[in-house]
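A.B. asks: fold the stuff below for me.
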Amino acid sequence: MVTKGWLLLIALAMVIIMEVSSQDCGQLLTRLREANQANLDVLHRNMGPSISQQCIDDVFSFSHREALGNINVSEEGNAKAAIQEVLQQTGHIFKQNYTEMPWDEDSLRAFHAGLDQQSENLKSCLSASPRIQLTRLRVKKYFRSLSNLLKEKEYSRCAWEIIQIQVKQCFLWIEKIIQEIQNKGMEGQIPMHT
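C.D. replies: Numbers count the residues shown, from 1 in each chain. Purely as a prediction, here's the structure:
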């Protein structure tokens with residue numbers, strides 16, 4: 001038999017669990033900002049100081065042709081979904097044929113582990129809504145264009161330079177979104193261009 005005392009204890013436990021869970025999601029942005037900075041640092045260390053001379057034309061032609069575009073991140077949930085999808089898709093793209101990419105295996109493994117962890121942490125704080133699905137589809141479309149570029153260029157060193165530059169732009173975009181969420185001054189459309 002369940003008594004009022006047990007019901008009160010169960011209700012109190014549920015409130016505590018929900019409070020702890022919301023604290024985890026509340027602190028998520030701070031942890032995500034730190035992890036995003038670490039991602040940018042890994043890219044800087046592995047990209048090299050400049051674009052290879054033979055890749056300059058490819059880099060500039062792709063940079064002007066493709067961009068993540070304007071994604072509506074006026075709602076915090078939509079913004080988090082966009083970030084989570086960028087992290088997930090970045091992980092997928094960096095698992096493709098990377099023999100021409102000048103990264104060592106340890107850096108690549110650490111990069112993957114960080115992306116996976118950040119993506120999972122964000123996933124636990126997301127709710128389901130049709131807008132979120134549209135956001136995910138837009139991000140996937142952008143990363144599909146990156147994947148197609150790799151295939152077209154046969155996973156060449158120049159193709160990987162383009163990918164790294166584009167992913168760096170994505171991480172800078174994430175930084176901007178996090179800042180907007182933390183400032184609570186979200187403007188609706190945060191463009192990819194920095």
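A.B. asks: I'd say Ala159 and Leu150 touch.
C.D. replies: Yes: applying CB atoms under 8 Å, one finds Ala159 in contact with Leu150, separated by 5.0 Å. Quick note: C-beta positions are derived from backbone N, CA and C, even for glycine.
A.B. asks: the more surrounded of those two?
C.D. replies: The residue with more neighbours, out of Ala159 and Leu150, is Ala159; 24 against 20, by other CB atoms under 10 Å.
A.B. asks: and the closest residue in space to the more buried one that isn't next to it in sequence, its phi and psi?
C.D. replies: In this structure, Ala159 finds its nearest non-sequential neighbour in Lys153, 3.5 Å apart by CB to CB, 6 or more residues apart in numbering. Phi and psi for Lys153, reported as degrees, to the nearest 10, are phi -90, psi 10.
A.B. asks: who's in contact with Lys80?
C.D. replies: By CB atoms under 8 Å, 6 or more residues apart in numbering, the contact set of Lys80 is Leu122, Cys125, Leu126, Ile181.
A.B. asks: all helices for this protein, in order.
C.D. replies: Along the chain, the segments classed as helices by DSSP state H run 4-47, 56-65, 76-93, 105-123, 130-152, 157-183.
A.B. asks: helices or strands up against the last one?
C.D. replies: This means helix 157-183. helix 4-47, helix 56-65, helix 76-93, helix 130-152, strand 189-190 (3 or more CB pairs under 8 Å, 6 or more residues apart in numbering; DSSP states H and E).
A.B. asks: okay, angle between that helix and helix 56-65 too, please.
C.D. replies: 40 degrees (axes from the mean of the first three to the mean of the last three CA atoms, to 10 degrees).
A.B. asks: list the buried residues in helix 157-183.
C.D. replies: By neighbour count, and taking 16 or more other CB atoms under 10 Å as the criterion, the buried residues in helix 157-183 are 158-171, 173-175, 177-178, 180-181.
A.B. asks: how far does it sit from its chain's centre?
C.D. replies: 8 Å (CA atoms, centre = their mean, to the nearest Å).
A.B. asks: what mean pLDDT does that helix get?
C.D. replies: The average of the pLDDT scores along helix 157-183 is 89.
A.B. asks: again, but for the fourth one
C.D. replies: The average of the pLDDT scores along helix 105-123 is 86.
A.B. asks: what does that helix contact?
C.D. replies: 28, 31-32, 35-36, 38-39, 42, 45-46, 80, 83-84, 87-88, 90-91, 94-95, 98, 101, 103.
A.B. asks: list the buried residues for it?
C.D. replies: Buried, per 16+ other CB under 10 Å, within helix 105-123: Leu108, Phe111, Gly114, Leu115, Gln118, Ser119, Asn121, Leu122.
A.B. asks: how about stretch 129-149: buried residues?
C.D. replies: So stretch 129-149, judged by 16+ other CB under 10 Å, has buried residues Ile132, Thr135, Arg136, Arg138, Val139, Lys140, Tyr142, Phe143, Leu146, Ser147, Leu149.
A.B. asks: list just the nearest of the residues you listed to Ile51.
C.D. replies: Leu149 (15.3 Å; CB to CB).
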